[in-house]
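# Need coordinates for the below:
(chains A and B)
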Amino acid sequence: MGTPLLCRNATGSCARNWSIAFAFCTMDEGAEDETTFVVEDVSKLIKDSIETTIGTSSYQHIRVNQWSTTIVEQCLSQLCKLGKPFKYIVTCVIMQNNGAGLQTASSCFWDNATDGSCAVKWENKSMCCIVSVFGLAI
Amino acid sequence: MLSSTSCAPWLTHAQKPPRRRSFIHRLRQVRLQMDEYNNGDEVVFNADEATNNVKECIEGVIGGVDYSQSKVNQWSAAIVEHSLTHLVKQGRPFKYIVNCTVMQKSGAGLHTANSCYWDNTTDGSCTVRWENRTMYCVVSVFAIAI
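Have a look, this model is predicted:
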């Protein structure tokens, strides 16, 4: 092959005027989910985490630190509970909605066959939140 | 990883396609060789070097420009790709994730956080914050040992 496995995602923008099958013959089909990054499950997990933390709140400068910490820690603990052989990185960006433009992007050098990522954008009237999860197989 | 005995065992050795080694697999081999050379010392992520690389990439892309909504998509993509290319060129046995956030300065609050479940002895990250008159840029690099 010789080419690096490069994948780039633009994870989303909030601009308002203002971004193994695995090897072994003995393994049954259900076991593939045990070792692959399943985007739907992770996406649902992130949404639940955001909703429970800031679902009904308005932007408050003094609390946003605690909110972002809670979101990433909850996501991470739920991901670990899945019990898959992955290392995880969870990032969270919370921005107040006042018309400013926001763009996020990520690029990854990894193994396309086993690793994966998922980004969720959530917003309400006063703030927007982008959470990205990257899972890298051990 | 497929082994030649478990892949299509009904084919004889002569009929099986040659195993294709991915780039990541070759990096794994490099890591094993480096471990032997270093007498088993772990290869550690150099955050200072990565920080300097990323700063240069940011300056190179948005160093002297004002925020422009039509161009910000292209800028963030260029920053992450250039940073990733510099990191990969070092040839170290790591998987990398580069994350970039660009925000227009308008008085809004912005907060970023990240948490990682990894091996503390071998994996690492660095975050670079940059700003000019019209925008903020936050770039995070995560390096996971293979």
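
# can you give me the strands in the chain?
Let's take chain A. Secondary structure of chain A (DSSP state E): strands at A:6-13, A:86-96, A:102-109, A:116-123, A:127-137.

# that's the wrong chain, I wanted chain B
For chain B, the strands defined by DSSP E cover B:94-104, B:110-117, B:124-131, B:135-145.

# tell me the most buried of those strands?
Of all the strands of chain B, strand B:94-104 has the most neighbours on average by mean count of other C-beta atoms under 10 Å in any protein chain shown, namely a mean of 25. Yep, even glycine has a C-beta here, placed from its N, CA and C like the rest.

# So which of the strands of chain A has the densest surroundings on average?
By mean count of other C-beta under 10 Å, the strands of chain A have strand A:102-109 as the most buried, with a mean of 25.

# Sheet partners, orientation included, of it?
The strands that strand A:102-109 pairs with in its sheet are strand A:6-13 (antiparallel), strand B:94-104 (antiparallel) (by DSSP bridges).

# outside of stretch A:44-60, which residues touch it?
A:63, A:67, A:70-71, A:74-75, A:78-79, A:94, A:96-97, A:118, A:120, A:122, A:124-127, A:129, A:131, A:133, B:109 (C-beta atoms under 8 Å, 6 or more residues apart in numbering or on different chains).

# thinking again about what came up before, if you average pLDDT over each of the strands paired with strand A:102-109, which comes out lowest?
Of all the strands paired with strand A:102-109, the minimum mean pLDDT falls on strand A:6-13 (a mean of 44).

# State which helix of chain A is the longest.
Ranked by number of residues, the top helix in chain A under DSSP state H is helix A:64-81.

# Dump the strands of chain B into JSON lines; add distance to residue A:56 as well.
Formatted as JSON lines, the strands of chain B follow (distance: least, C-beta to C-beta, whole Å):
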{"stretch": "strand B:94-104", "distance to residue A:56": "25"}
{"stretch": "strand B:110-117", "distance to residue A:56": "19"}
{"stretch": "strand B:124-131", "distance to residue A:56": "30"}
{"stretch": "strand B:135-145", "distance to residue A:56": "27"}
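
# Can you say which of the ones you listed is nearest to residue B:59?
strand B:124-131 (7.9 Å; C-beta to C-beta).

# Distance from the closest one to the middle of the chain?
Counting by C-alpha atoms, centre = their mean, to the nearest Å, strand B:124-131 is centred 13 Å from the centre of its parent chain.

# Which neighbouring elements make contact with that strand?
In terms of contacts (3 or more C-beta pairs under 8 Å, 6 or more residues apart in numbering or on different chains; DSSP states H and E), strand B:124-131 is packed against helix B:47-62, strand B:135-145.

# which helix in chain B runs the most residues?
In chain B, ranked by residue count with DSSP H as the criterion, the top helix is helix B:72-89.

# What are the buried residues along that one?
Neighbour-count burial for helix B:72-89 flags B:72-73, B:75-88 (criterion: 16 or more other C-beta atoms under 10 Å in any protein chain shown).

# For the nearest residue to residue A:80 once chain neighbours are set aside, give me its contacts.
Using C-beta to C-beta, 6 or more residues apart in numbering or on different chains and skipping the chain neighbours, the partner closest in space to residue A:80 is residue B:117 (5.9 Å). Neighbouring residues of residue B:117 by C-beta under 8 Å, 6+ apart: A:76, A:79, A:80, A:87, A:88, A:89.

# I'm done for today, thanks for sticking with me.
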